[in-house]
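Asker: Fold the stuff below for me.
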Amino acid sequence: MTLTKAQIIESVQNQLGFPKTQSTDLIETLLEIIKRALEAEEDVLISGFGKFCIKDKGQRRGRNPATGNDLMLDKRKVVTFKCSGKLRDRIND
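Answerer: Residues are numbered from 1 along each chain as shown. The predicted structure follows:
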């Protein structure tokens, strides 16, 4: 099952007792801060959770699966995530 943004907002509302609008604003603001940092190519480190980084991917050869034709994929940037050791331990317990 996938945890959605709506479920996160509901959890904040229930656990902290905030009204739904305040919980929504809190989560939206947090996500906007993370997005802005990544747009500025800054790493986002959340202690005990993990680190989001921007990585450059070079131009590479690919293939259109529908037609089988070879093509060149443009270089691009991707967001990567590396979980912290604490999170990894919790997942593996």
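Asker: what comes up buried for the strand or helix carrying residue 9?
Answerer: Using DSSP states H and E, residue 9 maps to helix 5-16. For helix 5-16, burial by neighbour count (16 or more other Cβ atoms under 10 Å) applies to 8-9, 12-13. No exception for glycine: its C-beta is placed from N, CA and C like everyone else's.
Asker: for residue 78, helix, strand, or coil?
Answerer: strand (DSSP: H, G, I helix; E, B strand; the rest coil).
Asker: Distance of it relative to residue 19?
Answerer: Remark: distance between residue 78 and residue 19 (Cβ to Cβ, to the nearest Å) = 37 Å.
Asker: Could you do residue 68 as well?
Answerer: Distance from residue 68 to residue 19, by Cβ to Cβ: 55 Å.
Asker: got it, and residue 61?
Answerer: For residue 61, the distance to residue 19 - Cβ to Cβ - is 53 Å.
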